[in-house]
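Peer 1: Sequence and predicted structure are below.
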Amino acid sequence: MRIDLRSYFAALFAGDLAALGAPPTDEALAGHIRAEQVSLVLGYSFGIMLANACNALVLAIALWQSADWAFALVWAAAVGSAALFFGLQARASRRITKPQFVSRRTMYRLVRNALALGAAWGVVPVAFFANASSGAQLVITCLCAGMLAGGAFAFSTIPIAAIAFTAPIFVGIAICLGRDGDFIYLLMAVLVLVYGSVLLRGVFVNAFEFRRRIIAQHEAERTVRQDPLTHLPNRVAFNEALNGALSRLARSGEEFAVLLLDLDRFKEINDRFGRQAGDEFL
């Protein structure tokens, strides 16, 4: 039982939708799906991280006259710096050749970073809302709503990462709204819950559709690059592998070798036993 739970959570935090009811795949295909998911997230990351830095700056300005201005300034500096660092790192990663396989460990790091960033924003309503002016409270409300929507958009193909990012913000909002006990705040909590449910529902639908599309594309590409008789890579796959090796040789000096195998007198098998026997031999 413990091993089954460990495997389940390992697959869940690796972004494998098979843990959420999707048809299972082998590890090679799962790694290819993770590569597509991570590549898509990296494509959004620079803009998202830049927006995080701008939002942190806006929050610091909005709370400049509040009693918590010093804490807000330190928080904004930390979050803004981290966002710019990860944004520039993601931008540099996009310039590298797109990987065809991504390990589970890479996905674990992505989910961990999403949780850390979500926790940083989850602190905002808890720490700053109560002592803020009405205008600053409006800014905090807009920022939290924007981060929820932005997180759902950025991690729209990886539900566990979307949950890791948005859950701390939901918790922070719940704590903030539950402090006062005002009926209006209760209505706001209901609205946040409804909007959050809609966002996450959209994430799950998009993630399952994305996975189905990648699997279909992978199967189609494999058919084009695979010999139907032996199920080995065909001439198209060989030419692609050779071109990739030549590119790596020119770019980084990575050397490679080509092994050529030939079957002598194979025609005699076809002539003597027939093509079906030749096919079985191959």
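Peer 2: Great, that's in hand.
Peer 1: which non-adjacent residue is nearest R248?
Peer 2: Once flanking residues are discounted, R248 sits nearest to E254: 4.3 Å by CB to CB, 6 or more residues apart in numbering. For glycine as for every other residue, the C-beta is placed from the backbone atoms N, C-alpha and C.
Peer 1: ditto for A152
Peer 2: Closest residue to A152 apart from its sequence neighbours, by CB to CB, 6+ apart: L199 at 4.2 Å.
Peer 1: any idea which helix or strand carries the one you found?
Peer 2: helix 183-224 (DSSP states H and E).
Peer 1: Skip ahead from that helix and say which helix or strand is next.
Peer 2: Past helix 183-224, the next helix or strand by DSSP H and E is helix 235-252.
Peer 1: ok, and what's touching that following helix?
Peer 2: Helix 235-252 has contacts (CB atoms under 8 Å, 6 or more residues apart in numbering) with 224-226, 233, 254-256, 258.
Peer 1: Throw those into CSV and include pLDDT and neighbour count, thanks.
Peer 2: Putting the contacts of helix 235-252 into CSV (pLDDT from 0 to 100; neighbours: other CB atoms under 10 Å) gives the following:
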residue, pLDDT, neighbour count
V224, 75, 9
R225, 78, 17
Q226, 78, 15
P233, 82, 14
E254, 83, 10
E255, 88, 8
F256, 88, 11
V258, 89, 8
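Peer 1: And the furthest pair within those?
Peer 2: Taking CB to CB as the measure, the contacts of helix 235-252 span a maximum distance of 28.4 Å, between V224 and E255.
Peer 1: Where does pLDDT dip in this protein?
Peer 2: Along the chain, segments meeting pLDDT under 70 span 1-3, 95-97, 180-181.
Peer 1: Break this protein down into its domains, please.
Peer 2: Domain assignment of the chain by the TED database yields the ranges 5-222, 230-281.
Peer 1: start to end distance for the longest one?
Peer 2: Domain 5-222 has an end-to-end distance of 33 Å (CA to CA, to the nearest Å).
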